[in-house]
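*Asks:* Sharing a sequence plus its predicted fold:
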Amino acid sequence: MKSKIALIAFGGNAILPNNQRGLQSQQMKNAQKAARLMIHVVKKGFDLIIVHGNGPQVGNLLIQMEEAVTKIPPFSLEVCDAMTEGSMGFMLEKALINELRRNSLDKEIATLVTQVVVDREDPAFENPTKPIGPFYTKYRAQMLARQKNWTVIEDAGRGYRKVVPSPKPIDIVPKRIIRDLVQMGKIVITAGGGGIPVIINGNGVFQGVEAVIDKDYAASLIASEVKVDLFIILTNVDRVYLNFGKPNQEALSVMSVDQALTYLEEDQFPPGSMGPKIKAAIEFIQNGGKEVLITSANTLKAALINRSGTRIKATV
């Protein structure tokens with residue numbers, strides 16, 4: 001009997017929360033907590049694909065490079081993406097192996113450093129919006145903008161930062177490898193941080209670009225390509241809510257694609273928080289996907305048995 005496949009996506013702050021310094025020991029411990037969550041999905045009979053964010057981690061790496069710039073030449077953003085895919089993949093992979101052993105589960109794990117293709121004509125390249133890396137003085141920011149053709153902005157009175165575009169992913173380079181591995185029963189960790197953004201240049205070859213790919217959109221694309229049975233998006237709330245944070249806040253346990261589109265048009269899901277997750281869910285369902293589950297890490301176990309979370313389907 002063919003196993004069901006689930007893809008689970010969660011942010012980099014699950015491994016490095018805002019209230020922690022980012023010590024290696026802290027991140028290893030957080031990876032263990034994440035691994036215990038993943039085991040709940042495996043125990044439900046799913047083969048598993050994992051997509052994680054890397055925002056805090058790649059930001060810290062860029063700060064390290066700025067501090068050492070007079071001694072060691074810095075790497076570009078796409079190489080930093082690859083570095084954090086490897087380091088975070090290792091932490092998650094080791095934690096998962098240990099958790100599988102504790103639960104007497106016989107599964108192998110593969111971490112893939114993943115290139116993700118974006119359109120070089122994507123309008124996002126004309127309007128960089130994502131601040132990354134360290135804060136600079138005005139003088140240094142202007143100097144770097146001239147030297148490296150960066151776009152820099154003043155960030156809420158805290159200093160100046162580089163901003164990069166956030167184009168939509170259009171293809172996953174090793175998609176067949178991901179599909180083959182998961183169909184063989186392997187757990188696959190892939191597209192960390194949304195993947196390494198590349199374009200196909202005028203010569204028809206891959207070229208890395210400095211950009212940020214939303215990990216939920218990358219996860220949705222992989223889920224569609226692999227035809228997973230359940231796409232799980234972890235966030236910081238137990239369910240999706242209408243009128244979130246207001247006296248008339250209303251929890252949604254299930255939602256159709258048409259309802260989700262209507263709520264988006266009504267600005268129920270802001271671009272900076274729930275919006276991209278809902279859009280990623282809609283894309284997955286519209287591309288033939290079966291079901292999306294949006295919930296928090298704390299309520300994932302209950303959500304897997306329909307006691308929490310919000311499920312999005314083609315119709316309800």
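*Replies:* Happy to help now that I have it. Numbering: from 1, shown residues only.
*Asks:* what ranges do the strands span in the stretch 51-200 of the chain?
*Replies:* Per DSSP state E, counting those that start in this stretch, the stretch 51-200 of the chain carries strands over the ranges 109-111, 115-118, 130-136, 151-154, 160-164, 169-172, 187-189, 196-200.
*Asks:* could I have the last one exported to CSV, CA atoms only?
*Replies:* These are the backbone C-alpha positions of strand 196-200, laid out as CSV (Å, rounded to 0.1, in the frame of the first residue of the first chain):
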residue,chain,number,x,y,z
ILE,A,196,18.7,29.3,-3.1
PRO,A,197,17.3,31.8,-5.7
VAL,A,198,18.7,31.4,-9.3
ILE,A,199,17.6,32.7,-12.6
ILE,A,200,18.2,31.3,-16.1
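*Asks:* So what angle separates the directions of that strand and strand 160-164?
*Replies:* Relative orientation of strand 196-200 and strand 160-164, computed by axes from the mean of the first three to the mean of the last three Cα atoms, to 10 degrees: 50 degrees.
*Asks:* Would you give the sheet partners of strand 196-200, along with the direction of each?
*Replies:* According to DSSP bridges, strand 196-200 has the following sheet partners: strand 115-118 (parallel), strand 206-208 (antiparallel).
*Asks:* List the buried residues for it?
*Replies:* Buried residues in strand 196-200, counted by 16 or more other Cβ atoms under 10 Å: Ile196, Pro197, Val198, Ile199. (Each C-beta comes from the backbone N, C-alpha and C, glycine too.)
*Asks:* mind giving me JSON lines with the residues you listed and columns for pLDDT and distance to Asn287?
*Replies:* What follows is these, written out as JSON lines (pLDDT from 0 to 100; distance: Cβ to Cβ, whole Å):
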{"residue": "Ile196", "pLDDT": "97", "distance to Asn287": "23"}
{"residue": "Pro197", "pLDDT": "97", "distance to Asn287": "21"}
{"residue": "Val198", "pLDDT": "98", "distance to Asn287": "22"}
{"residue": "Ile199", "pLDDT": "97", "distance to Asn287": "22"}
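*Asks:* now the residues you listed as CSV including distance to Ile39?
*Replies:* Converted to CSV, those look like this (distance: Cβ to Cβ, whole Å):
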residue, distance to Ile39
Ile196, 28
Pro197, 31
Val198, 33
Ile199, 38
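*Asks:* of all those, which comes closest to Val152?
*Replies:* Val152 lies nearest to Pro197 out of those, by Cβ to Cβ, at 19.6 Å.
*Asks:* Show me what the helix ranked longest in the chain is packed against.
*Replies:* In the chain, with assignment by DSSP state H, the single longest helix is helix 77-102. Where contact means 3 or more Cβ pairs under 8 Å, 6 or more residues apart in numbering; DSSP states H and E, helix 77-102 is packed against helix 24-43, strand 46-52, helix 55-67, strand 109-111, strand 187-189, strand 196-200.
*Asks:* one more time with 6 Å, if that's ok
*Replies:* With contacts defined as 3 or more Cβ pairs under 6 Å, 6 or more residues apart in numbering; DSSP states H and E, the packing partners of helix 77-102 are helix 24-43, helix 55-67, strand 109-111, strand 196-200.
*Asks:* Make JSON lines out of those and add distance to Tyr241.
*Replies:* Listed next are those as JSON lines, based on distance: least, Cβ to Cβ, whole Å:
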{"stretch": "helix 24-43", "distance to Tyr241": "22"}
{"stretch": "helix 55-67", "distance to Tyr241": "23"}
{"stretch": "strand 109-111", "distance to Tyr241": "34"}
{"stretch": "strand 196-200", "distance to Tyr241": "32"}
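*Asks:* quick one, which of the ones you listed is nearest to Gln142?
*Replies:* Nearest of these to Gln142, taken as Cβ to Cβ: helix 55-67 at 15.3 Å.
*Asks:* got the buried residues for that closest one?
*Replies:* Residues Gly55, Pro56, Gln57, Val58, Gly59, Asn60, Leu61, Leu62, Met65 are the ones in helix 55-67 that count as buried (16+ other Cβ under 10 Å).
*Asks:* C-alpha coordinates for that helix, CSV please?
*Replies:* Presented in CSV, the C-alpha positions along helix 55-67 are these (Å, rounded to 0.1, in the frame of the first residue of the first chain):
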residue,chain,number,x,y,z
GLY,A,55,15.7,34.4,8.3
PRO,A,56,17.4,34.8,11.6
GLN,A,57,20.2,32.4,10.7
VAL,A,58,21.1,34.0,7.4
GLY,A,59,20.8,37.5,9.0
ASN,A,60,23.4,36.5,11.7
LEU,A,61,25.7,35.0,9.0
LEU,A,62,25.6,38.3,7.1
ILE,A,63,26.4,40.2,10.4
GLN,A,64,29.4,37.9,11.0
MET,A,65,30.7,38.6,7.5
GLU,A,66,30.3,42.4,8.0
GLU,A,67,32.3,42.2,11.2
